[in-house]
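A.B. asks: A structural model of the following input is requested.
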Amino acid sequence: MESTPLTGGGRSSTKDPVAAAQDLAGKVLTKENAETAGLFLKEQTLHLTQMASNGDLSLRLLAMLGGLAMVATSVMGFLGHVLTLAFVKAVIDMYTLFLGMVVLVLEGRQLPFPPSLEQGITKYALFLKFVWGRGCLYFVAGTLQLAQHSLFDLVSGGFMCFVGVTYIIVGQQTAQKLAELRNTSEETLKSKFAEADLERSGTLTQSQFQNMTRSIGVKLNLRETE
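C.D. replies: Below you'll find the predicted structure:
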């Protein structure tokens with residue numbers, strides 16, 4: 001089977017190199033490709049915005065586990081402190097129980113909580129719409145539970161502090177990447193899109209899109225480019 005030449009129409013190219021380059025640039029930087037590049041930028045910006053607002057799925061699972069642990073240890077601690085007449089600690093258990101329920105409402109979207117409940121919480125605490133904001137709340141909740149000094153409280157509170165710090169770090173990193181994408185000029189995007197579209201198909205694969213964002217200076221991992 002004969003191999004198909006790389007030049008158009010199966011003919012060898014005798015064009016001047018400069019003219020050939022101009023012709024290729026004209027084909028690559030078409031209106032359709034520019035629109036496709038703009039669409040990719042909008043989609044990625046929306047994805048990063050959702051990440052900054054909702055958090056990564058694996059992080060949400062960690063937060064749900066922390067919330068469940070807070071609820072369980074708080075209920076047991078409350079009963080024990082009431083029976084031993086340690087009312088101050090029992091009040092703290094009520095606070096941590098409430099905060100554990102808040103964590104489950106914010107992160108457990110598969111749980112049977114009405115959507116209006118989360119909306120009501122974020123309406124009066126706007127910072128909880130963002131990953132870093134929830135991280136601050138989770139860290140405070142964890143330190144509050146650490147103050148109870150029991151073994152279960154120390155484990156649950158320490159885990160919640162870890163989740164809170166992780167949320168804060170991830171939230172800040174995602175916000176920075178979002179800002180970098182928004183600051184990318186349209187001309188730079190068109191050029192980088194053309195370089196990444198090796199097949200000249202007008203679309204990019206996931207790996208090609210990741211390479212394009214890297215060339216712009218925005219480093220996204222595989223999960224962030226999905």
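A.B. asks: gap between residue 121 and residue 72?
C.D. replies: 21 Å (Cβ to Cβ, to the nearest Å). (Each C-beta comes from the backbone N, C-alpha and C, glycine too.)
A.B. asks: now residue 82
C.D. replies: Distance from residue 82 to residue 72, by Cβ to Cβ: 16 Å.
A.B. asks: need phi/psi at residue 108.
C.D. replies: Phi and psi for residue 108, reported as degrees, to the nearest 10, are phi -90, psi 70.
A.B. asks: pLDDT score for the nearest residue to it once chain neighbours are set aside?
C.D. replies: Of all residues not flanking residue 108 in the chain, residue 64 sits nearest, at 5.2 Å (Cβ to Cβ, 6 or more residues apart in numbering). With respect to pLDDT, residue 64 scores 92.
A.B. asks: check contacts around residue 64.
C.D. replies: 103, 104, 107, 108 (Cβ atoms under 8 Å, 6 or more residues apart in numbering).
A.B. asks: now, those that are in strands?
C.D. replies: Judged by DSSP state E, strands contain none of those.
A.B. asks: so among the residues you listed, where is pLDDT lowest?
C.D. replies: Among these, pLDDT bottoms out at residue 108, giving 82.
A.B. asks: near it, how many other residues are there?
C.D. replies: By the criterion of other Cβ atoms under 10 Å, residue 108 has 18 neighbours.
A.B. asks: what's the mean pLDDT across the helix or strand harbouring residue 116?
C.D. replies: For residue 116, the host element (DSSP states H and E) is helix 115-124. The average pLDDT for helix 115-124 rounds to 89.
A.B. asks: show me what the top helix by length along the chain is packed against.
C.D. replies: The longest helix of the chain (DSSP state H) is helix 151-182. When contacts are defined as 3 or more Cβ pairs under 8 Å, 6 or more residues apart in numbering; DSSP states H and E, helix 151-182 packs onto helix 31-54, helix 57-83, helix 131-146, helix 206-216.
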